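>>> The sequence and its predicted three-dimensional model are supplied below.
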Amino acid sequence: MARRRSPSPRPQIQASRDAAEVIRRRSPRFHPQTQVSEEGAGVTPRRSPRLHPQIQANEKGAGVIRRRRRCRRGTSPAATASLPDDDGMLWEIFLRLPPQPSSLPRASAVCKQWRRIVADPKFHRQFYAHHRKPPLLGVFLRGGKQEGIVFNPALDPPDRIPPRRLSLELPSNGGHYNLLNCRHRLGSNHDDHDLLNCRHGLVLVKDCVSGEVIVCDPITGKQRRVAVPPVFKWDHLWGVVLCAAGDQGHVHGSCHSSPFKVVLLSLFRQDKQSLACVYSSETGEWGNLILGEGPYYIQNFGAYATLVGNVLYWSFNGNCILEFDLDRQNLAVTVGPPLTPDFYYGDSQIIQAEDGAVGFAILAHSRFRMWQRNVNCQGVATWVPWKTIEMCNILGLSLQTWEQMTWMGYDEDNDVIFLYVGHNVYSVQLKSMESKKIYETNWISEIHPFTSFYTTGEKFSSLVLI
């Protein structure tokens with residue numbers, strides 16, 4: 001007799017009314033993430049959003065986006081993105097690079113497309129217009145007895161330009177050409193040439209042998225010789241070179257192919273008058289001789305002029321000022337701010353004050369004092385005290401009793417002064433009062449700052465990119 005199993009031990013198995021199918025369901029109490037659709041078409045497994053909030057499904061249930069896994073692998077959209085290849089976008093990016101000498105050469109080394117953009121002359125014009133003021137590349141000065149005129153770079157690597165990159169070739173007494181650069185003599189006699197002025201990327205040199213002045217462009221190597229009118233006394237000659245471009249939007253410091261002017265000034269004349277004359281490269285001729293009021297007594301006449309607006313200023317005798325208006329073509333002597341006895345014999349210089357006004361600065365006993373000239377609607381000028389600064393605090397120096405600060409030069413483009421103290425030359429930015437040691441020297445000489453944009457295409461390969 002066959003034994004039957006009792007149905008009582010398996011109560012979990014039940015037959016439906018038509019015994020058609022059996023549906024297994026997981027308890028929603030223990031598996032809330034598993035649900036059955038209303039149509040009973042199937043079961044869709046889902047990960048708990050409580051444990052995996054980063055995983056979401058779209059409304060159509062098309063798929064699951066796994067973000068955390070991609071982050072764990074260390075890949076990001078920025079890492080896989082390619083360099084921008086749109087010329088317009090690159091153009092705008094490159095315009096905002098700093099105007100230092102290494103910026104564009106570094107960009108040009110990336111690829112041919114980038115090099116094509118930064119070598120475009122139209123891009124250069126917009127680059128100059130965007131930055132407005134050229135950087136200070138270095139200074140020209142008279143070196144020691146065996147050095148003649150030298151150039152000292154002012155920037156740090158990779159923007160530092162080796163002196164030979166800005167070399168000039170000037171004829172010596174024997175007619176042979178020699179390099180004008182750092183630690184190289186000018187000809188067989190170092191007195192053959194004298195440095196007069198630097199401005200707008202140009203250098204003005206006096207040829208003591210031929211009786212000419214030479215306008216040099218150290219960036220391109222171009223030169224132009226101009227004979228000096230014989231009426232000027234050669235031993236007491238001051239000169240200024242400046243760009244004469246009148247194009248709207250022209251930016252000085254990129255004046256390599258622009259017309260220029262040379263202004264010569266002569267003092268210590270028997271008639272006690274000052275004499276000036278202007279040369280134009282556009283006409284190739286000197287203008288009319290301009291006579292003006294001359295100081296009867298001159299002491300410490302500034303070798304370098306300051307250009308504010310369209311007027312050249314020289315300071316002398318403490319607070320006296322000689323002005324030459326390029327538009328009106330006239331010379332005049334004016335008086336600066338009143339000085340206290342402790343500043344009578346200080347080093348004075350005309351500077352650019354705020355909002356393009358004329359400023360007056362004097363250095364004495366390591367104290368630096370500045371005034372600003374205000375002109376009212378009636379044309380009456382008054383000098384207003386501006387700043388008084390202890391330069392020892394700025395430079396971080398403690399001067400010995402035998403040490404003195406000497407004013408060496410002024411960069412009107414970047415509002416920087418140069419000081420000599422303790423066998424070192426420092427630059428001080430007058431607005432921020434940031435100081436920097438430029439170089440060491442035992443020779444005190446007037447400094448002529450050289451400012452220019454250094455973006456010439458053929459010079460790109462000459463810079464060492466570090």
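Sure thing, it's come through. Residues are numbered from 1 along each chain as shown.

>>> Within its local environment, how many residues does Tyr304 see?
For Tyr304, the neighbour count with other C-beta atoms under 10 Å is 23. Glycine gets a C-beta too; all of them are placed from N, C-alpha and C.

>>> Just the buried residues of stretch 380-399, please?
Using 16 or more other C-beta atoms under 10 Å as the test for burial, stretch 380-399 gives Trp383, Trp386, Ile389, Met391, Ile394, Leu395, Leu397.

>>> Go through those and name the one nearest Lys206.
Set against Lys206, the nearest of the buried residues of stretch 380-399 by C-beta to C-beta is Met391 (32.1 Å).

>>> does the closest one really touch His365, like I thought?
No - the pair Met391 / His365 is not scored as a contact, 9.6 Å apart, by C-beta atoms under 8 Å.

>>> show me where pLDDT drops low in this structure?
Low-confidence segments of the chain, defined by pLDDT under 70: 1-85, 143-147, 167-191, 246-249, 268-270, 294-303, 398-403, 456-466.

>>> And the helices in it?
67-73, 77-80, 87-95, 103-108, 112-118, 121-131, 391-395 (DSSP state H).

>>> And those helices: which comes nearest Pro229?
Of the helices of the chain, nearest to Pro229 by C-beta to C-beta is helix 121-131, at 34.2 Å.

>>> ok, and what's touching the closest one?
Here helix 121-131 makes contact (C-beta atoms under 8 Å, 6 or more residues apart in numbering) with 91, 94-96, 99, 104, 117, 134, 249, 251, 253-254, 453, 455.

>>> out of those residues, who has the most neighbours?
Most neighbours among the contacts of helix 121-131, by other C-beta under 10 Å: Leu104, with 29 neighbours.

>>> The closest residue to that residue other than its chain neighbours: how many residues sit nearby?
In this structure, Leu104 finds its nearest non-sequential neighbour in Val118, 4.6 Å apart by C-beta to C-beta, 6 or more residues apart in numbering. The local packing of Val118 (other C-beta under 10 Å) involves 24 other residues.

>>> Pretty sure Leu95 is one of the things Val118 touches, is it not?
No - when contacts are counted by C-beta under 8 Å, Val118 is not listed as touching Leu95 (10.0 Å).

>>> The residue nearest to Gln372 when sequence neighbours are not counted: what's it in contact with?
Among residues not flanking Gln372 along the chain, Ala353 sits closest, at 4.1 Å (C-beta to C-beta, 6+ apart). The contact partners of Ala353, by C-beta under 8 Å, 6+ apart, come to Gly359, Met370, Gln372, Arg373, Trp386.

>>> Settle this for me: Val228 is touching Leu265, isn't it.
No - judged on C-beta under 8 Å, Val228 makes no contact with Leu265 at a distance of 11.9 Å.

>>> Find residues that contact each of the two.
Leu237.

>>> So what does Ser257 look like in phi/psi?
phi -120, psi 10 (degrees, to the nearest 10).

>>> What separation do you get for the residue nearest to Gln372 and Tyr439?
Ala353 sits 29 Å away from Tyr439, taking C-beta to C-beta, to the nearest Å as the criterion.

>>> do the same with Val335
The value you get for Val335 to Tyr439, if C-beta to C-beta is used, is 36 Å.

>>> With Leu95 instead?
To Tyr439, Leu95 is 32 Å away according to C-beta to C-beta.

>>> quick one, what contacts Asn310?
Taking C-beta under 8 Å, 6+ apart, we find Asn310 in contact with Asp325, Leu326, Asp327.

>>> could you dump those to JSON lines with distance to Lys222 and neighbour count?
As requested, these are exported to JSON lines (distance: C-beta to C-beta, whole Å; neighbours: other C-beta atoms under 10 Å):
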{"residue": "Asp325", "distance to Lys222": "29", "neighbour count": "14"}
{"residue": "Leu326", "distance to Lys222": "23", "neighbour count": "17"}
{"residue": "Asp327", "distance to Lys222": "28", "neighbour count": "8"}
